[in-house]
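Engineer: curious how this folds, go ahead:
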Amino acid sequence: MSIVKINVLTVPEEQREVLEKRFAARAGAVEGSDGFEWFELLRPVEGTDTYLVYTRWRSEEDFDKWRSQMGASHGGGGGAQGGEQKPAASGATLWSFEVVQSAGPKEG
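Structural biologist: Just a heads-up that it's a prediction; the model follows:
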């Protein structure tokens, strides 16, 4: 079964647009990675400044390989392109899960 990584980002309201633009600019950066299965950026809608970055991977090894290839550029808060950028998030925590059950819509 797959593994899920959720990056929990604390993003002050004034940095939300910056964060979302950085993720939009990196569209496609992870999709070609071996073992990558899914990505979602989840914006908070009520009472929190916490964004969730959801990725699903075939294995822990695939995630670790991608993470090592991303190196410091990914940890810098949105993938700096051509220079240093101030992180949009003021804090980050990585949650890890194994998928033990999964369902999708029924066909037909």
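Engineer: quick one, helices of this protein?
Structural biologist: Taking DSSP state H as the criterion, the chain carries its helices at 16-25, 60-75.
Engineer: pick out the shakiest of those, pLDDT-wise.
Structural biologist: Mean pLDDT is lowest for helix 60-75 among the helices of the chain, at a mean of 80.
Engineer: quickly note the distance from residue 20 to residue 103.
Structural biologist: Note on residue 20: its distance to residue 103, by C-beta to C-beta, to the nearest Å, is 29 Å. In short, each C-beta sits where N, CA and C put it, glycine included.
Engineer: more neighbours, those two?
Structural biologist: Taking neighbours as other C-beta atoms under 10 Å, residue 20 and residue 103 compare with residue 20 leading, 16 against 5.
Engineer: might you report the residue contacts of that one?
Structural biologist: Going by C-beta atoms under 8 Å, 6 or more residues apart in numbering, residue 20 touches 41, 43.
Engineer: and for residue 47?
Structural biologist: Counted by C-beta under 8 Å, 6+ apart, residue 47 has zero contacts.
Engineer: show me the shaky parts of the chain.
Structural biologist: Counting by pLDDT under 70, the chain contains low-confidence ranges at 71-84.
Engineer: can you pull out the strands in it?
Structural biologist: Here the chain has its strands, by DSSP state E, at 3-10, 36-42, 50-57, 91-98.
Engineer: buried ones in the last one?
Structural biologist: Residues of strand 91-98 classed as buried: none (neighbour count, 16 or more other C-beta atoms under 10 Å).
Engineer: got it, and the shortest one?
Structural biologist: Judged by neighbour count using 16+ other C-beta under 10 Å, the buried positions of strand 36-42 are residue 36.
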